[in-house]
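Asks: no sequence for this one, just the structure:
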């Protein structure tokens, strides 16, 4: 079964031979998602929540329907636990500022892993600088997996939050998130998961996980840029102060005092990306229609095919060998710098990512300046693997 025909970018004349292997950075968009955003602007656009006229009410209904779709998609208990943001980064910053302001003080600790994306490092660094808390970083084993024994040993009465990536955007490692939550909650420590790399590749059930926060971006889920989701447990969100203030997050304003709105609106100041949220709803429908069983089976075949082919190349090292791995492969080739590899592959219309992948601490930990990364979406196929290998043969011909 091929899904490439659902994505107009591959039908464009200038992209007829495009092999797009950078879905970990951002996925391409199916026609239905593009149409949903366009149609909303053409027929249903108005600002939401405030208007009493029909057009505004239609827009509000469409917007809030997606909140329910998101709730159902990640199996949250309540719709008001779904907060719309501009992306994963904004969602983590919201928690770092709001939850952090309320709960983190001098001497406290926040636990991260060494494989974190910058977006799940820098906000916590800033919180520590403001509060006098400090970060505790959990290392990896030889397979690129979280050292779970050291993780357990790191938990103590000073630990105020664990913030860990669900799936590594560099190594592809799928972290044992249910075990992480179970260990944390034994000591009443809340847990945030960065789900940006997981949300398009595997089902997520936040109630089954019992996690306290889960964040993801629409643009990695075949949806538009500029939209993200923060899930948080009701009891935590109700206690947290607003992150940003202004319109729509208020109930009453006087010059003496402001009363804030109820959840989820308390955390949604200003006019949101309304059309983007509507398009996210269509992206969720698209993924659910395909089904995660199909997605995971398809991507597993691609992962195995690429891994097997790369292992046959002399002087090539794959980073991350966990048996629990998503559709991301990062590698180094002795004879060529990752930027040179990506440039030469681009000449064959093969798009891969090269660099530190917004994970500079991980690069330092691995002892490499950069890596070449291949990542898959539902539109990739085994022919794409052949084009990748052909391009890598050209790289070796040039540098050997």
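Replies: Thanks, I have the structure now. Quick caveat, the model's predicted, so the values are computed rather than measured.

Asks: and stretch 333-352, how far apart are its ends?
Replies: Terminal residues of stretch 333-352 are spaced 14 Å apart (C-alpha to C-alpha, to the nearest Å).

Asks: which residues does it contact?
Replies: Outside of stretch 333-352, the residues within contact range by C-beta atoms under 8 Å, 6 or more residues apart in numbering are 15, 17-22, 313, 315-317, 332, 353-355, 370-374, 384, 387-388, 390-392, 394-396, 398-400. In this view, the C-beta of every residue, glycine as well, is placed from N, C-alpha and C.

Asks: check stretch 308-315 too.
Replies: Stretch 308-315 has contacts (C-beta under 8 Å, 6+ apart) with 316, 318, 329, 331, 333, 334, 335, 385, 388, 389, 392, 396.

Asks: list buried residues within those residues.
Replies: Buried residues within the contacts of stretch 308-315, defined by neighbour count using 16 or more other C-beta atoms under 10 Å: 316, 318, 329, 331, 333, 385, 388, 389, 392, 396.

Asks: nearest to residue 198, of those?
Replies: residue 329 (16.3 Å; C-beta to C-beta).

Asks: end to end, how far does stretch 112-120 reach?
Replies: End-to-end distance (C-alpha to C-alpha), stretch 112-120: 8 Å.

Asks: and that stretch, what's its mean pLDDT?
Replies: The predicted model gives stretch 112-120 an average pLDDT of 98.

Asks: picking that back up, can you redo the buried ones among the contacts of stretch 308-315 as a markdown table with secondary structure, pLDDT and distance to residue 258?
Replies: Below are the buried ones among the contacts of stretch 308-315 laid out as a markdown table (DSSP: H, G, I helix; E, B strand; the rest coil; pLDDT from 0 to 100; distance: C-beta to C-beta, whole Å):
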| residue | secondary structure | pLDDT | distance to residue 258 |
| --- | --- | --- | --- |
| 316 | strand | 96 | 59 |
| 318 | strand | 98 | 54 |
| 329 | strand | 98 | 50 |
| 331 | strand | 98 | 53 |
| 333 | strand | 96 | 57 |
| 385 | helix | 97 | 56 |
| 388 | helix | 97 | 55 |
| 389 | helix | 97 | 60 |
| 392 | helix | 97 | 59 |
| 396 | helix | 93 | 64 |
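
Asks: picking up where we left off before, give the buried subset of the contacts of stretch 333-352 as a PyMOL selection command.
Replies: Buried residues among these (16+ other C-beta under 10 Å), as a PyMOL selection:
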select buried, resi 15+18+19+20+21+22+313+316+332+353+354+355+370+371+372+373+374+384+387+388+391+392+395+396
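
Asks: list the ones among the contacts of stretch 333-352 that fall in strands.
Replies: In strands, judged by DSSP state E, the following of these are found: 19, 20, 316, 317, 332, 353, 354, 355, 371, 372, 373, 374.

Asks: just the pLDDT for the residue nearest to residue 210 when sequence neighbours are not counted.
Replies: Of all residues not flanking residue 210 in the chain, residue 181 sits nearest, at 5.2 Å (C-beta to C-beta, 6 or more residues apart in numbering). You'll see residue 181 listed with a pLDDT of 98.

Asks: quick one: residue 181 from residue 166, how far?
Replies: Distance, residue 181 to residue 166, using C-beta to C-beta, to the nearest Å: 11 Å.

Asks: also residue 154?
Replies: Counting by C-beta to C-beta, the gap from residue 154 to residue 166 is 19 Å.

Asks: these two: which is more packed in?
Replies: For residue 154 versus residue 166, neighbours defined as other C-beta atoms under 10 Å are more numerous around residue 166 (25 against 15).

Asks: and stretch 380-387, how far out from the chain middle?
Replies: In terms of C-alpha atoms, centre = their mean, to the nearest Å, the centre of stretch 380-387 is found 24 Å from the chain centre.
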